[in-house]
Structures are given as structure tokens and as C-alpha cells.
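Undergrad: need a structure here:
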Amino acid sequence: MKKLLTSTWMTVLISLLIYVGATALFWKTPVITPAAAATNEVETHDSRMGPSWDFVNPEADQMLAEIKVEKKSLAKKEQELNDLATRLQAERAELKLVTQSVQHLQTDFDQNVLRIRDEETANLKKLAKVYADMTAESAAIIFAELDDSSIVKIMAFMKDNETAAILEALSKKGQPEAKRAANLSERLRLAMFRNPPAK
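TA: Below you'll find the predicted structure:
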């Protein structure tokens, strides 16, 4: 008997009986109602159970709702960032135009306004004294050969009456020299230097 109980066939037979018994014990037969039979639908004893695709989990639904809200929020923030980038690009272009305009104005200003550097001052004072000691007509002849910037730098260190005499002598030489004298007086007005001469 011991041999029979320990044999492989007996083990298989006992396992089969346990399986059939457990299946019969836990098997739930679906209940078919007349209405369900008409529509070919079957209900189980537990009304909460149904197909897996009809499974409802409130936590999962809440997470999905939060994800949708977060997605909308991210889309809104992305749109705001895109709008900000567009506005920044427009402002950068406007700033570039303003910078170019300022550089252009600075160039024009530098061309129109004469600046006298410290290292030039001593030499310009000597030249101003030399031209002031000459007659206005002689100084005007020499000034006719110099460029306007040099003349203005020298005149900046001359006294008003000396400058006036030379400009008058220049203007008597004809219409072009009169225009040049006017231009020189305007540039002299705009000249910038650190140590203005004592007039």
C-alpha cells in the first residue's frame, strides 16, 4: 500500500482530484435574466464585476484629470514663453536700431565737435601765440592752407579779438572764404577742451 501511495500515478490522480474539486467549489455560474438573454448579455452574481475594459478606478481618473490640467497649464506657459520670445526679439531689433542711431549720432557729433587732447594743448598754445603776433591778413593767408580742424584748435587758444580779426580777414577774400569763416566760427563754438584759455 505504501508503494501504491508513493507512486507517480497516484500523485497525478490526487492532484487531478484536488483541481476538479477546487474548480467546482469556486466556480460561479453566470445568471442569465430574460432581458439579458434577449440582448445576449450575461450578468454574474456580483454586479460590480464586468469586462476589464469597463473597470473604473477613481484614483486613476483623478490622476488623468490632474495630468490633463497640467498639460493645459504647460501649453499655456509654452504659449506665454513663445510670446515673450517674440516680444524680446522685436525689442532686441528695436534696441539694435536705437544703438545704431546713437552710434551714427556719436559719429556725427565727433565730426562736428572738436576735442582738444591734453598732449596737444602746449603746442596749440605756442601756435596760437605765433599767429596772434602776426597780422590778421598774414594769419588768414596761412589759415587758408590749413584744414578746418587745425584752425579751430589753434583759435580755441587765441583771444576773442585776435580770432575776430583773422575771421574778418578770411571773409574779405570772397564768398567761399566767407562761408569757411562762418563754418570755422560754428565749429569753434562747439569745440571742447579741458583747460579753456584765459580770454
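
Undergrad: quickly list the domain ranges of the chain.
TA: Here the domain assignment for the chain is 29-112, 115-193, based on automatic domain parsing.

Undergrad: please identify the most buried of those domains.
TA: Of all the domains of the chain, domain 115-193 has the most neighbours on average by mean count of other C-beta atoms under 10 Å, namely a mean of 16. For the C-beta atoms, the positions are set from N, CA and C on the backbone; glycine is no exception.

Undergrad: lowest average pLDDT across the domains of the chain?
TA: Lowest mean pLDDT within these: domain 29-112, at a mean of 79.

Undergrad: let me know the secondary structure of Met158.
TA: coil (DSSP: H, G, I helix; E, B strand; the rest coil).

Undergrad: got a list of what it touches?
TA: Residues near Met158 by C-beta atoms under 8 Å, 6 or more residues apart in numbering: 128, 131-132, 166, 197.

Undergrad: any idea how far Ala178 is from it?
TA: 20 Å (C-beta to C-beta, to the nearest Å).

Undergrad: now Met1
TA: Taken as C-beta to C-beta, the span from Met1 to Ala178 is 147 Å.

Undergrad: can you tell me the centre-most residue of the chain?
TA: Leu88 (4.9 Å; C-alpha atoms, centre = their mean).

Undergrad: longest helix in the chain, please.
TA: Taking DSSP state H as the criterion, the chain has its longest helix at helix 58-112.

Undergrad: among the contacts of Met158, which two are most distant?
TA: Using C-beta to C-beta, these reach their maximum pairwise distance at Ile166 and Pro197, which is 15.1 Å.

Undergrad: if we can go back for a sec, please state the offset of the longest helix of the chain from the chain centre?
TA: 7 Å (C-alpha atoms, centre = their mean, to the nearest Å).

Undergrad: export the domains of the chain as JSON lines, with columns for distance to Trp9.
TA: Formatted as JSON lines, the domains of the chain follow (distance: least, C-beta to C-beta, whole Å):
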{"stretch": "domain 29-112", "distance to Trp9": "33"}
{"stretch": "domain 115-193", "distance to Trp9": "118"}
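
Undergrad: so which of those is nearest Ala22?
TA: Of all the domains of the chain, domain 29-112 comes closest under C-beta to C-beta, at 15.9 Å.

Undergrad: please, which helix or strand holds the closest residue to Phe143 other than its chain neighbours?
TA: Spatial nearest neighbour of Phe143, chain neighbours left out: Ile151 (5.2 Å); criterion: C-beta to C-beta, 6 or more residues apart in numbering. Element membership for Ile151, per DSSP states H and E: helix 148-155.
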